[in-house]
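J.: predicted model follows, preceded by the sequence.
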Amino acid sequence: MSLSEFVKQKRKLLNLTQQDLADKAGVGLRFVRDLEQGKATLRMDKVNQVLILFGKELGPVSLNKTDIP
């Protein structure tokens with residue numbers, strides 16, 4: 001599951017609008033929209049502000065060994 005799918009799914013599970021999530025996380029509505037649309041360039045600190053509401057944070061993820069040069 002992608003980060004954008006995770007955030008959108010959790011937000012909907014908690015019956016939050018994008019504006020509600022933005023307010024609770026202390027980020028802007030545009031940031032939440034960009035995050036949920038999978039924008040490739042986002043500030044990690046702001047992503048973590050959102051993820052903390054779901055008990056998560058950004059971290060390294062293992063790739064398949066075939067993906068490592």
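T.: Everything's here; your move. Numbers count the residues shown, from 1 in each chain.

J.: so where is this protein shaky, pLDDT-wise?
T.: Where the chain drops to pLDDT under 70, the residues are 65-69.

J.: what does the top helix by length along the chain contact?
T.: Longest helix in the chain by number of residues (criterion: DSSP state H): helix 3-13. The contact list for helix 3-13 (CB atoms under 8 Å, 6 or more residues apart in numbering) reads 1, 18, 20-21, 32, 35-38, 47, 50-51, 54, 56. For every residue, glycine as well, the C-beta is placed using N, CA and C.

J.: what's the closest non-adjacent residue to residue 49?
T.: Spatial nearest neighbour of residue 49, excluding adjacent residues (CB to CB, 6 or more residues apart in numbering): residue 25 at 4.7 Å.

J.: re the thing from before, and the angle for the helix or strand following the longest helix of the chain with helix 3-13?
T.: Per DSSP states H and E, the first helix or strand lying C-terminal to helix 3-13 is helix 18-25. Per axes from the mean of the first three to the mean of the last three CA atoms, to 10 degrees, the angle that helix 18-25 makes with helix 3-13 is 100 degrees.
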